[in-house]
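Asks: 3D model of this:
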Amino acid sequence: MIEKNLGNIERIFRVLFGLILGVWAALQPHLNGIEWFVLIISLMLILNGVFSRCYFWYILDINTCSKKDKNCIDKETACL
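Replies: Have a look, this model is predicted:
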């Protein structure tokens with residue numbers, strides 16, 4: 001499992017944007033391929049925000065956690 005790599009502000013934006021996309025797709029009269037794709041993306045955004053981990057950011061080696069965030073683990077200070 002990867003370490004947490006999303007900061008609190010990014011987590012909030014991901015959850016909110018995921019909820020907005022999910023509600024939009026759910027309110028469509030007929031769910032075709034685009035709406036199902038949007039629902040999957042919205043679920044992924046919500047899960048990223050809830051668990052504070054993004055595999056795409058992990059591949060790109062991006063970490064938006066701040067030093068003040070106690071939930072994020074720094075690689076250099078983590079115990080083995």
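
Asks: does the residue nearest the centre of the chain fall in a helix, a strand, or a coil region?
Replies: For the chain, the residue nearest the mean C-alpha position is Asn48 (2.4 Å; C-alpha atoms, centre = their mean). Under DSSP: H, G, I helix; E, B strand; the rest coil, Asn48 falls in the helix class.

Asks: any idea how many residues pack against Tyr58?
Replies: Using other C-beta atoms under 10 Å, Tyr58 is surrounded by 13 other residues. Every C-beta, even on glycine, is put in place using the N, C-alpha and C of the backbone.

Asks: what of Ile41?
Replies: Neighbour count for Ile41, taken as other C-beta under 10 Å: 15.

Asks: ok, residues contacting the helix or strand where it lies?
Replies: Using DSSP states H and E, Ile41 sits in helix 33-51. Applying C-beta atoms under 8 Å, 6 or more residues apart in numbering, the external contacts of helix 33-51 come out as 4, 6, 10-15, 17-22, 24-26, 28, 31, 54.
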